[in-house]
Structure formats: C-alpha cells, structure tokens
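Visitor: Below is the structure, and that's it, no one-letter string:
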C-alpha cells in the first residue's frame, strides 16, 4: 500500500516538474521579452523592471531562473493577464472551477445514461436491443461536439426556447464567489431568491453538459457492454448458474461488481476527454470556463494567460489521472496490481 | 427408481459449417447411492454433458433427447424455474477449475453461504438466521477437512491454495444436501496427496450420506478404486457402459480396451521396458467428425459396416455400441 502511494507520488511530482519546466520555457519561446511574458507586467519603468528582473533572477543561469519561477508558482504568484491586468492565479482558478463543474455534471450524466444502457446491451448480447444501442452509440460517437452543440442551440433555445442561449447564469443574479461551483455557491449564498437562481443555473447547465455528455455516454456504453459480455460468459458465472441461482441473483451478486471493477479506471479516465470536449463547447455557449479563457487568450496574444492556463489544465488532468489510478490499485479486491505506477 | 435417466441425448452446436453434433445419442443412467464414472479423452464431450444436465447451456446449442428425467420428472420440458429449483436443492456440481469457478472478488465464506438453502437450517427467527448460516457453513468446512474456517471464509479465491479452493467447491456442492453430486474432473492438476484426500472425501460422503456421484474424469486409476459403474465416452458417443468390474475384466468395445490398456497400472502382466500401447491418431476435432462410429478411423477392428452408427446392444447391465465387439466374434 505504502509502496503504491510512493510510486504514484514520485511519478506525479516528477511529471509536474516536467510540466512546469515546459511552461517556463514557453516564456522564452513566445515572442517578446521573457520577463514580460513571465510576469505579465508591461510598460513598467526601468526601476520596476530591474526589481522584477532581480525577483525572477533573470541575470542568473537558466536553472536558477526556473527555480525562481517554481517558487513564484508555489507562492501563488502566477503573473498578470495582459488583457485584464488581473492576477492569473485567481482568474484561472475561477474559470477552471467552471470547467470542472461543467465536465463533472456531464460525466455524471453520461454515467447515468451510459451504464444502464451498457448493462442492457451486454445482457442482450447480439440481440435486437444490443444492435440498436450499438448503432445509436456509433452515431452518437461520430457526431462532432461543436456541431451537436450548435444544433442543440438552434433547436432547443432558438426555436423552442426551452433553454437559455449562453452563459452560466442570468445576469439578474449576482452569486458571490465561494467554491467556484455555481450550484454549490448558490446554495451557500444568502440570496433572497435562491430557488429561482438555482433553477436558472440548472437551465443554463442542461444544453452544454448534454452536448458534451453524448460522446462520453457512447464510450461508457461500449466499455460497459464489452465488460458485461466478458464477465457473463466467464466460468464463475456459469458455475453460479449451475448452482441454481436465478439470473437476477447471478447478475446482481456476481456480475455487476466483476464487470465494473476492471473498467472503473477506464470510465473515470473519460473525465479528461470530457474536459477537452468541454473546452470546445464552452466557446460555443460562452461558458466562463478555462477553455473559453484559453481561446480568448490565444486570440488576444495574452502570453502569460496561455502559459498559466495550459499549466493549470495539464496539472489538473495529470493529478486526477494518477490519483484515480492509485486509488483503484489500492482498492481492487482481486489484487490485480501492476508492479509500478506506469500501466 | 433411477435418479437420473438420460436416453439418446443429442446436443448440437451452431458453427460456421452448420450444426455439429457435439453429443450423439448419449445414454446415461445413475441410480441412488451409486458412484458412476464418466470417462473419455479430453474433447470427448464430458464437460458438455455436465453442462447439459445442470442447464448451464448457451443459446447457440440445441438439445434433444428421448428421455432426460430426474426421479421421473422430465428435465427438458419443465420450466426454467422448476429446473433451477431441482438443481438448487438436489444436484450439485464440482467444477474442474476451482479458481476460475469462484467469483474472484467475493469472499469465499459469502459464496458458500449463498448456496445454503434456508430450509436446511434450524428453525429460528430471522435474527438468528445469519448466525445459523455461519454455523452451518463452518460445519461444512470442517467436514471437508478445512480447519481454519475463520481465515478461509474471509479470503478471496486468489489468496488460498488450489486444493483448499477445491475443498471449498466440494463444501459448496454439499451445502444443499443434494442427491447427486457431479464431480467434473475434481482433481485436475493437483498433487497426489491432495488428490487422494479429495477422492477419499468424496467416497466417504457417498457411503455416509447415500449420495450418488457422477465422477467425470480421465484419471482411470482414481476412478477404478471408487466407482462401481462406468460409462466410456468417445467423441460425443457413448461407447460402452456397465459395471466397473465387468468392464475391467471383459471390455467389449475396442476403445474401452485401448483405454484400459493405456494405463500401465492396470496391466500386471506388462514386462518392464515394453512399449505402452495406444491407439494410433488423435481424437478428431468437432469440425471434422467421421460419419458412423466415430472411432472408425482409429479402430483396429474397423470394417466397411462401421460407417453406420452401431445400435446399442445390451447384455444384462452391460451396454455397448459396436458392430464387431471383442470376445463376441460370430464364427
């Protein structure tokens, strides 16, 4: 157990250092003064510039500069944005929370739909239900996310008017920033019309999360189906039938658990693909998330924002992946444990 | 009355080249208190018979039989639910690979308790049930020779040795106090000491409880010491069936003879360093079955007539299907 934790921790820390090194080198690779790219402070006086150069050890070697940069990162000083002039740490944590929120709901949504359908499809292997669901999943998988989002807007918000067109919540409500997750923030806040704000936020969530969930849903369906088919044809399931247990007992007591445990990591890893898709969909729905923020930053050549935003996203994905992998390895009851963290 | 009576059981498997008869007119009768051996090479369809009896069959199989009854009740026409009920209370199976026949992530104790029928427990209020179940389970484990029942009941299949796993399977098979236990090669891949322990255990249960055992194996040595009846199977056809002693003394079918001769321990007259006899060739695959008597191409006594499936002939309890049986040459 300790061994697993140590292995994963070392992998995580090393990779994070590599990532931070890449983000540091971006300051040199982008056009312009590296110091300006790092700090985001433009047009400073000579004295100020000298002070900053001192802080970032710009006259020392590359390694020392990198070390100073990492120290700044840890102390929460990620530089300022070119376009807004605000501290990036705060800006990114806000937009990242919005993205994570969106993808988390989409993930829950695709689990709620994909898992039961996958079970159904696996149990009706090579029958009409199975083929129907497979066809649907191929169609769902092949639809480009941005196109689906646009069509959804066209139908559900413009023609039918069921859901709002864009944004995260109506401008009428001013939700104070607490956790960054808007639904939780609303519940924590003391707004006079909490319920309406909550409903409004939910209505804003529906279209973006559904259009991201479509693809993930089909992936979840396929993975689950495959695993169910494999488990239900395995010897111990046949043996359980031969002991005279009913199909329901067999499925619930032996089938579900055995089918889910090996695919759980695969399923949870879909979160990263979700996040990528969310970044595309955010721009369409003007969701104030990291994807939207990054694309704006790219248009405006806001180099510090690109650097910090990319670092934040990749660090999040990496931490998430490695943590999940570790948790699953620790808790797998059948003891299927690869010897090292890379699997 | 016989417990299990199977007559002309035919099982066809759907394959690319049409329906293949994996079992061709199998006959099998098991009486109460009998240890019946089912013998054959690997690939002769032994395990398929077991699956057909307990109903663990795939939907790509087609089963037909003139008769397949359990104590007079027809197993083929009854509903799935009724059949399951019979299997749950009267028939148990011990599978070949104990490790892969046990759920890898459920503790063994829970799997054992799962098969204990509520009717086999002492009467009690529902809060006593769990305790009674546990007591019953640990008694079962003691009976099959597992001493540290506390430890093993908490373990998962991959954490315990193979023979303990098999003992667990036997305990599970005995849990419902069945009338018939089907032991599908229960000692496969085991060490000789574990093997003899398990065989002793099975024959003890047979004597004490009057339990019938259908012993499926190709381990002739083990079988001959235990079983009183034997059915020999080749390639999905019943070749010969009868009392163990009779078969050993005077096998009528060439295949039975070859099978018995291939085991050196049965031949006291075998001089040292003499070559062991065996039939030429190997058992055909299910895609390339010969017509007629399936032993045909390998049979030393085969003649033209062997392209027709031989009728089942009977001398008292001894049945065989061969056109040209040994010892009975018509002069």
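Guide: That came through fine. The structure displayed is predicted, hence computed values, not measured ones.
Visitor: which residues touch the residue of chain B at minimum distance from chain A?
Guide: Closest residue of chain B to chain A, Cβ to the nearest Cβ: residue B:88 (2.9 Å). (Glycine included, C-beta is placed from N, CA and C.) Neighbouring residues of residue B:88 by Cβ atoms under 8 Å, 6 or more residues apart in numbering or on different chains: A:243, A:244, A:245, B:115, B:117, B:176.
Visitor: Contact partners for the fourth one?
Guide: Counting by Cβ under 8 Å, 6+ apart, residue B:115 touches A:243, A:244, A:245, B:88, B:172, B:175, B:176.
Visitor: try it again with 7 Å
Guide: Residues in contact with residue B:115 (Cβ atoms under 7 Å, 6 or more residues apart in numbering or on different chains) are A:243, B:172, B:175, B:176.
Visitor: what's the following helix or strand after the helix or strand bottoming out on mean pLDDT in chain B?
Guide: Using mean pLDDT, DSSP states H and E, the weakest-scoring helix or strand in chain B turns out to be helix B:220-226, at a mean of 79. For helix B:220-226, the succeeding helix or strand toward the C-terminus, using DSSP states H and E, is strand B:229-234.
Visitor: Please state the offset of that next one from the chain centre?
Guide: 10 Å (Cα atoms, centre = their mean, to the nearest Å).
Visitor: picking that back up, any residues touching the least confident helix or strand of chain B, and which ones?
Guide: Residues outside helix B:220-226 that contact it (Cβ under 7 Å, 6+ apart): B:35, B:37, B:39, B:187, B:195, B:199, B:203, B:215, B:217, B:230, B:244, B:248, B:263, B:265.
Visitor: Name the SS class of the residue of chain A found nearest chain B, please.
Guide: Here the residue of chain A nearest chain B is residue A:244; by Cβ to the nearest Cβ that distance is 2.9 Å. Recorded secondary structure, residue A:244: coil (DSSP: H, G, I helix; E, B strand; the rest coil).
Visitor: Just give the number of residues close to residue B:75.
Guide: Residue B:75 has 23 neighbours, counted by other Cβ atoms under 10 Å in any protein chain shown.
Visitor: Low-confidence bits of the chain, can you list those?
Guide: No chain in the question, so chain A it is. Applying pLDDT under 70 to chain A flags the ranges A:333-343.
Visitor: that answer is for a different chain, and I need it for chain B
Guide: Chain B contains residues with pLDDT under 70 at B:1, B:122, B:124, B:267, B:328-331.
Visitor: Pull up the residues of it that are close to chain A.
Guide: Residues of chain B lying near chain A by Cβ under 7 Å from any Cβ of the partner chain: B:54, B:56, B:84, B:87-88, B:93, B:95, B:97, B:100-106, B:114-115, B:156, B:158.
Visitor: how about a cut-off of 8 Å?
Guide: For chain B, the residues in contact with chain A (Cβ under 8 Å from any Cβ of the partner chain) are B:51, B:54-56, B:84-89, B:91-93, B:95, B:97, B:100-106, B:114-115, B:156, B:158-159, B:172, B:176.
Visitor: Show me these that map onto helices.
Guide: B:51, B:54, B:84, B:85, B:86, B:87, B:88, B:89, B:114, B:172 (DSSP state H).
Visitor: So among the residues you listed, which ones count as buried?
Guide: Taking 16 or more other Cβ atoms under 10 Å in any protein chain shown as the criterion, what is buried in these is B:51, B:54, B:84, B:86, B:87, B:88, B:89, B:114, B:172.
Visitor: Excluding sequence neighbours, find me the nearest residue to the fourth one.
Guide: If I follow you right, that is residue B:86. residue B:70 (5.8 Å; Cβ to Cβ, 6 or more residues apart in numbering or on different chains).
Visitor: Flag every buried residue along the least confident helix or strand of chain B.
Guide: B:220, B:222, B:223, B:224, B:226.
Visitor: Distance from it to the middle of the chain?
Guide: Centroid separation between helix B:220-226 and its chain, computed with Cα atoms, centre = their mean, is 13 Å.
Visitor: and if you look at stretch A:284-298?
Guide: 14 Å.
Visitor: Now do it: everything it contacts.
Guide: Here stretch A:284-298 has contacts from A:81, A:83, A:91-92, A:94-96, A:98-99, A:102, A:146, A:149-150, A:153, A:165-168, A:207-208, A:278-283, A:302, A:305-306, A:309-310, A:312-313, using Cβ under 8 Å, 6+ apart.
Visitor: Filter the contacts of helix B:220-226 down to just the ones in strands.
Guide: Members of these lying in strands (criterion: DSSP state E): B:35, B:37, B:39, B:215, B:217, B:230.
Visitor: if I pick the last one, what's in contact with it?
Guide: By that I understand residue B:230. Going by Cβ under 8 Å, 6+ apart, the list of residues near residue B:230 reads B:36, B:37, B:38, B:39, B:223, B:241, B:242, B:243, B:244, B:247.
Visitor: which residues does it bridge with?
Guide: Here residue B:230 sits in beta bridges with residue B:37, residue B:242, as judged by DSSP bridges.
Visitor: can you list the residues of chain A near chain B?
Guide: A:234-236, A:238-246, A:253-254, A:257-258, A:261, A:333-335.
Visitor: Which of the residues you listed are buried? Put it as a ChimeraX command.
Guide: ChimeraX command restricting the residues of chain A next to chain B to the buried ones, with burial defined by 16+ other Cβ under 10 Å:
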select /A:234,236,238,239,240,241,242,243,244,245,253,254,258,261
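Visitor: Noted, bye for now.
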